[in-house]
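Q: sequence and computational prediction follow.
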Amino acid sequence: ANRVCKMNAINALRLAVDLNSENFLAEHMLAALTEGGNGNGRASNEFVSALFDDFAETFDAKLEALGYKVPGLVGDAAKELLASSGQSSFHSALDAGCGTGLAGRYLRPLVKGSLVGIDLSKKMLDLAAQCTLSKGCGLKDEESDAVEEDDKP
């Protein structure tokens with residue numbers, strides 16, 4: 001019975017991909033079921049982009065509910081690295097996989113030049129572009145009011 005169900009699922013996913021070559025979810029699931037795909041054990045860039053585009057609007061709230069602390073930890077690690085280097089600030093920084101820009105608020109005060117964020121999700125980048133030190137990027141309204149500075153992370 002499991003084999004029949006798996007074959008039916010594979011056939012349905014093949015049909016979904018044939019009908020819409022941009023159905024990255026079906027393509028990803030088909031690759032997982034057939035052990036195909038790009039062969040490197042990771043999801044395609046298109047799948048990741050589509051997944052996080054769909055998740056972008058609720059991303060910060062979901063992470064907050066999970067008690068997500070990584071952006072602050074990234075900021076703390078950057079401060080320690082800066083202190084150990086004897087420099088007063090970084091000349092520039094790259095936030096690879098920046099998502100909605102959560103770490104930017106912690107990195108911006110440490111970087112005197114360009115702080116560039118890149119991400120596969122266009123919708124995540126659109127949200128990150130709206131962030132400043134005092135609003136967006138997961139800040140609640142009461143936190144936003146407490147910060148006067150309004151520089152872009």
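A: That came through fine.
Q: just say helix, strand or coil for the spatially most central residue of the chain.
A: Centroid-nearest residue in the chain: Gly99, 3.0 Å away (criterion: C-alpha atoms, centre = their mean). Per DSSP: H, G, I helix; E, B strand; the rest coil, the local secondary structure of Gly99 is coil.
Q: okay, the nearest residue to it once chain neighbours are set aside: pLDDT?
A: Using C-beta to C-beta, 6 or more residues apart in numbering and skipping residues adjacent in sequence, the residue nearest Gly99 is Met124, 4.8 Å away. To be clear about C-beta, it is placed using only N, CA and C from the backbone, and glycine gets the same treatment. The pLDDT attached to Met124 in the predicted structure is 95.
Q: and the helix or strand hosting Met124, what other elements does it pack with?
A: Assigned by DSSP states H and E, Met124 falls within helix 122-129. Packing partners of helix 122-129 (3 or more C-beta pairs under 8 Å, 6 or more residues apart in numbering; DSSP states H and E): helix 45-65, strand 115-118.
Q: residues making contact with the first one?
A: Think helix 45-65. Residues from elsewhere that reach helix 45-65 (C-beta atoms under 8 Å, 6 or more residues apart in numbering): 22, 24-25, 27-28, 43, 99-100, 102, 119-124, 126-127, 137-138.
Q: ok, 6 Å please
A: Residues from elsewhere that reach helix 45-65 (C-beta atoms under 6 Å, 6 or more residues apart in numbering): 24, 28, 100, 120-121, 123-124, 127, 138.
Q: could you dump those into CSV with distance to Phe90 and neighbour count added?
A: CSV is the format used below for those (distance: C-beta to C-beta, whole Å; neighbours: other C-beta atoms under 10 Å):
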residue, distance to Phe90, neighbour count
Phe24, 36, 19
His28, 37, 20
Thr100, 21, 29
Leu120, 24, 18
Ser121, 25, 23
Lys123, 28, 18
Met124, 23, 23
Leu127, 24, 22
Gly138, 22, 19
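Q: okay, these in CSV with distance to Lys62 next?
A: What follows is the contacts of helix 45-65, written out as CSV (distance: C-beta to C-beta, whole Å):
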residue, distance to Lys62
Phe24, 21
His28, 21
Thr100, 11
Leu120, 18
Ser121, 14
Lys123, 14
Met124, 13
Leu127, 13
Gly138, 10
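Q: widest-spaced pair of the residues you listed?
A: With C-beta to C-beta as the measure, no two of the contacts of helix 45-65 lie farther apart than His28 and Gly138, at 27.6 Å.
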